[in-house]
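*Asks:* missing the sequence, but the structure's below:
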């Protein structure tokens, strides 16, 4: 939140601070059913992010909560201005990650990133493979602790939406699927499209990762530097 | 327009009573009063369905889910496009004849989008319900407003999404808003004037039978809404309608008791709105098991004698057979995964709920099905040829966490939050059930839980669609896929079939397009 801007836009409301407890209670009863208890998303999009696509400013966030997103599935509400302010403040808090200082050296971490072969599967600012999740801006979505855990034990928390598929002899990440067809991308980045009726075997492994663990491979300073590098990745403007 | 055409545009009650005399039309929401959602047209068959091709498309402007069930008669198709607009289309070319466009005020509070599922027609008028809680009668020839009445307060989150059901001289109108602490009702309006003929409140007030099933004042915001079009038996003169969840959806502590007539099917006298009987599928629901499904009426032998039956594939994962004259419970059979009920009493149909397991708590109660149900508003289909009941099924569970419950007018009144099951891929099925037993004949698996309904035809085909845009036809006898078309948009609607200039067509809303398919 930018208090100065907030003050200017909503002068009468600024006389008192947002009521955090009330904002949380409104969020829990009105918003969490779709956006998740911690804003992790569900039927509605995740709110646990620094920048909300439809509500870049506090004013637009309050406006959006009031009017809803006709056509986007989000209903309007009859909250009063004070309640709107409180729940908007709570929504903002969901996207504020604690960013504790990171031990390593981000600049040196880039060398580790390239040497360890991360770019073979991951894209960073337009460079790299398309097999694994895009890491552009990952530092604004995941904290250093989470990033470290993902590097050492990637199987523990596979990103939502990543599904490993074995279609006959091809293994890859699911790009898309419907009732009759499936599209997958293999580790080399090649796209394959299949009619299911033409496949002899089709196996899905939701919750499985194709990423190897780097425990033992990366340690000490190298590991710290890599984590520092990833944690320093900000969203594109 | 000449006199003959004007006369043709009169959709009389007599015509609505006998849709079998004009199988090329689609006159009511579910195709007939018995809600078979079945087409007696057999030109498109298992042998030739492979040649089905798009004939025309009509694109709407809205971005909400396109859930319309088209009506077709006298050379015109009537559709609704969200939020609450109506368009009449020339059946031959797909070109619009008129539009009714309604300005919707901002800040509409609805759980599930500003959607609409279709119109009703009677006597030269088209009837639409609106998201801002009005009922509007339009001139069928021009789309001009004949009357427009407000039936509830949109600021208290009352909204209307269902197609009315036209019968005799009246239209029956259901309403929505049970996630917001509204009080449910079912209304009848004079088709000519819009005057209200009766209202039946689905949560009984003081002094009415059933009132004792609600603690304190909980009946006042008890939900039990009526947001899916029901059925009608002209001989018994009974209107059958499913009712929704009690409010708050997930917190039963503030509404001790069975909470009649939530999660029920009610049978009302069409003339007076008086309750003839009711059957409650899920007493004291804490899992949002709306019974807003479509009661399907068939006459069939039961233990050696013909009986008037009702088939009901409930959102709670059980398939029910009831006697529709008396409401007597005859059978229930589980048709997919569920964990909310330990069993169903074979005599009374009353469930033994698994309260310890499925009541939302602080650590997350795992519930199958989730709050979108197994079945939902999307239509099943009954084929009198195969005697199978075709039902799309959502195969999905979720975790429910207790949350703040405080009633405030016009606001969500839920009592829980939800989390999907990590790493469990939900899916969908189209299940064919033997109508009298509920036993499964076959199933067809879909990639994800569907939001579209099913149409069976006399060509022994079953049509349906998926959330990934696949529109498909199966062999009605064994579920084998025979045809598919990728529409490119999510399918949130029920297919219908009609005949134009001697040719059978299949129509379906997909994405933002009303699509019509015919043989090449």
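*Replies:* Yep, it's here. A quick note: this is a predicted structure, and the numbers were derived from the prediction, not measured.

*Asks:* Only C-alpha atoms from now on, for both contacts and neighbour counts.
*Replies:* Will do.

*Asks:* residues in contact with residue B:66?
*Replies:* Each residue near residue B:66 by CA atoms under 8 Å, 6 or more residues apart in numbering or on different chains is listed here: B:81-82, B:115-117, B:491-493, B:509-512.

*Asks:* so it sits in a strand?
*Replies:* No - counting by DSSP: H, G, I helix; E, B strand; the rest coil, residue B:66 is located in no strand; its state is coil.

*Asks:* Strands along the stretch 301-450 of chain B, start to end?
*Replies:* B:305-313, B:318-323, B:329-334, B:341-344, B:351-353, B:365-367, B:381-383, B:388-395, B:398-402, B:416-420, B:427-434, B:440-446 (DSSP state E, counting those that start in this stretch).

*Asks:* With distance to chain A as added columns, please give those strands in a markdown table.
*Replies:* As requested, the strands of the stretch 301-450 of chain B are arranged in a markdown table below (distance: least, CA to the nearest CA, whole Å):
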| stretch | distance to chain A |
| --- | --- |
| strand B:305-313 | 23 |
| strand B:318-323 | 25 |
| strand B:329-334 | 25 |
| strand B:341-344 | 23 |
| strand B:351-353 | 23 |
| strand B:365-367 | 14 |
| strand B:381-383 | 21 |
| strand B:388-395 | 14 |
| strand B:398-402 | 9 |
| strand B:416-420 | 4 |
| strand B:427-434 | 9 |
| strand B:440-446 | 5 |
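
*Asks:* Any chance of those in CSV with mean pLDDT and mean neighbour count as columns?
*Replies:* Converted to CSV, the strands of the stretch 301-450 of chain B look like this (pLDDT from 0 to 100; neighbours: other CA atoms under 10 Å in any protein chain shown):
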stretch, mean pLDDT, mean neighbour count
strand B:305-313, 98, 20
strand B:318-323, 98, 22
strand B:329-334, 98, 20
strand B:341-344, 98, 16
strand B:351-353, 98, 17
strand B:365-367, 97, 21
strand B:381-383, 98, 27
strand B:388-395, 98, 27
strand B:398-402, 91, 22
strand B:416-420, 84, 25
strand B:427-434, 98, 22
strand B:440-446, 98, 18
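
*Asks:* Which of those sits closest to residue B:97?
*Replies:* Shortest distance between residue B:97 and the strands of the stretch 301-450 of chain B, using CA to CA, is found for strand B:381-383: 30.3 Å.

*Asks:* Now do the closest one: which elements does it pack against?
*Replies:* Where contact means 3 or more CA pairs under 8 Å, 6 or more residues apart in numbering or on different chains; DSSP states H and E, strand B:381-383 is packed against strand B:38-39, strand B:388-395, strand B:455-457.

*Asks:* among the contacts of residue B:66, which are in helices?
*Replies:* Judged by DSSP state H, helices contain none of the contacts of residue B:66.

*Asks:* Out of these, list just those in strands.
*Replies:* B:81, B:509-510 (DSSP state E).

*Asks:* near chain B, which residues of chain A show up?
*Replies:* For chain A, the residues in contact with chain B (CA under 8 Å from any CA of the partner chain) are A:25, A:28-30, A:32-34, A:36-37, A:42, A:66-68, A:70-78, A:160, A:177-180, A:206-207.

*Asks:* Could I have the buried ones of the residues you listed as ChimeraX selection syntax?
*Replies:* For the buried members of these, the matching ChimeraX selection, counting by 16 or more other CA atoms under 10 Å in any protein chain shown, is:
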select /A:25,28,29,30,32,33,34,36,37,42,66,67,68,70,71,73,74,75,76,77,78,177,178,179,180,206,207
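
*Asks:* Narrow the residues of chain A next to chain B to those in helices?
*Replies:* Reading helices off those with DSSP H, I get A:25, A:32-34, A:66-67.

*Asks:* of all those, which comes closest to residue B:204?
*Replies:* For those, the nearest to residue B:204 is residue A:33 (28.7 Å; CA to CA).

*Asks:* circling back to that earlier point, quick check, nearest of the ones in helices among the residues of chain A next to chain B to residue A:131?
*Replies:* Of these, the one sitting nearest to residue A:131 (CA to CA) turns out to be residue A:34, at 29.4 Å.

*Asks:* Touching, that closest one and residue A:46? I think so.
*Replies:* No - if you go by CA atoms under 8 Å, residue A:34 and residue A:46 don't touch, sitting 9.1 Å apart.

*Asks:* contacts for the longest helix anywhere in chain A?
*Replies:* If you go by DSSP H, chain A has its longest helix at helix A:81-94. Here helix A:81-94 makes contact (CA under 8 Å, 6+ apart) with A:1, A:13, A:18-20, A:22-24, A:26-27, A:38-39, A:47-50, A:58, A:61-62, A:65-66.

*Asks:* Could you pick out the buried ones from these?
*Replies:* Those of the contacts of helix A:81-94 that meet the buried threshold are A:18, A:20, A:23-24, A:26-27, A:38-39, A:47-50, A:58, A:61-62, A:65-66, by 16+ other CA under 10 Å.

*Asks:* what element comes up after the longest helix of chain A heading to the C-terminus?
*Replies:* Going down the chain from helix A:81-94, the next helix or strand is helix A:106-115, by DSSP states H and E.

*Asks:* packing partners for that next one?
*Replies:* Right, helix A:106-115 is packed against helix A:220-231 by 3+ CA pairs under 8 Å, 6+ apart.

*Asks:* Show me the contact partners of the helix or strand encompassing residue B:146.
*Replies:* Using DSSP H and E, residue B:146 sits within strand B:145-150. Residues outside strand B:145-150 that contact it (CA under 8 Å, 6+ apart): B:133-139, B:193-194.

*Asks:* Quick one: mean pLDDT for that strand?
*Replies:* Here strand B:145-150 scores 98 as its mean pLDDT.

*Asks:* Note down every partner strand of it and its orientation.
*Replies:* strand B:134-139 (antiparallel) (DSSP bridges).

*Asks:* can you list contacts of the partner strand?
*Replies:* Contacts of strand B:134-139 (CA under 8 Å, 6+ apart): B:124-130, B:144-152, B:160, B:191, B:194.

*Asks:* Quick check on the residues you listed: which are buried?
*Replies:* Buried residues within those, counting neighbours by 16+ other CA under 10 Å: B:124-130, B:146-148, B:151-152, B:160, B:191, B:194.

*Asks:* what comes up buried for the biggest strand by length in chain A?
*Replies:* Ranked by residue count, the top strand of chain A under DSSP E comes out as strand A:170-177. Within strand A:170-177, the residues scored as buried using 16+ other CA under 10 Å are A:171-175, A:177.

*Asks:* can you put those in CSV and add pLDDT?
*Replies:* Formatted as CSV, the buried residues of strand A:170-177 follow (pLDDT from 0 to 100):
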residue, pLDDT
A:171, 94
A:172, 94
A:173, 93
A:174, 94
A:175, 93
A:177, 96
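
*Asks:* Run a quick neighbour tally on residue B:21.
*Replies:* Neighbourhood size, residue B:21 [other CA atoms under 10 Å in any protein chain shown]: 10.

*Asks:* Look up how far chain A lies from it.
*Replies:* According to CA to the nearest CA, to the nearest Å, residue B:21 stands 37 Å off from chain A.

*Asks:* can you tell me which residues contact that residue?
*Replies:* Contacts of residue B:21 by CA under 8 Å, 6+ apart: none found.

*Asks:* What does it show for phi and psi?
*Replies:* phi -80, psi -20 (degrees, to the nearest 10).

*Asks:* Pretty sure residue B:433 sits against residue B:439.
*Replies:* Yes - using CA under 8 Å, residue B:433 is in contact with residue B:439, at 5.3 Å.

*Asks:* Residue ranges of each domain in chain A, please.
*Replies:* Chain A breaks down by automatic domain parsing into domains covering A:3-94, A:106-159+A:210-231, A:163-206.
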